[in-house]
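**Student:** Sharing a model prediction with you, sequence too.
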Amino acid sequence: MNREEIITAFENHDDDYGSFDEIKGKLSTRPDIHAFILLNLMVPGKTDMITSSRDDEIYLDVDVDELVEENATENQIIDLIRCGVILEDEEYLMMMV
């Protein structure tokens, strides 16, 4: 997927937000841990997954360009949304706590 397709996928599937039970083949029984594992499989990293926080928001160490580079699929994006991942400012991935 290219950048615009990923942004559009987040917009078009916002009704899937938080529907963790819909995910097949869960990597964890916890939505946040599943999202972290999935992101790490998609974009392997060597630093903490959470890069910063503000109020009730945590920002993740993966951005849209990295998802493009690693050829993220629409199904992976939907799973992230189902775990509660939000695309902030069409650039950053974040979650509410």
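**Tutor:** Okay, I see it. No experiment lies behind these values; they were computed from the predicted model shown.
**Student:** residue closest to the middle of this protein?
**Tutor:** Closest residue to the average C-alpha location of the chain: residue 80 at 4.0 Å, with CA atoms, centre = their mean.
**Student:** Please look at residue 7 and residue 90 and confirm they touch.
**Tutor:** Yes - the pair residue 7 and residue 90 qualifies as a contact (CB atoms under 8 Å) at a distance of 5.2 Å. Every residue, glycine included, has its C-beta placed from N, CA and C.
**Student:** shared neighbours of the two, anything?
**Tutor:** Both residue 7 and residue 90 are contacted by residue 64, under the criterion CB atoms under 8 Å, 6 or more residues apart in numbering.
**Student:** Okay, the residue nearest to the centre of the chain and residue 62: tell me how far apart.
**Tutor:** 9 Å (CB to CB, to the nearest Å).
**Student:** Overlap in contacts, these two.
**Tutor:** Both residue 80 and residue 62 are contacted by 39, 93, under the criterion CB under 8 Å, 6+ apart.
**Student:** ok, which stretches of the protein are helices?
**Tutor:** Residue ranges of the helices in the chain, as given by DSSP state H, are 3-12, 31-42, 64-69, 74-82.
**Student:** quick check: mean pLDDT across the first one?
**Tutor:** Looking back up the chat, that one is helix 3-12. Average pLDDT, helix 3-12: 96.
**Student:** now swap in the third one and tell me
**Tutor:** Taken as a whole, helix 64-69 has a mean pLDDT of 93.
**Student:** Kindly report the same for the last one.
**Tutor:** The predicted model gives helix 74-82 an average pLDDT of 97.
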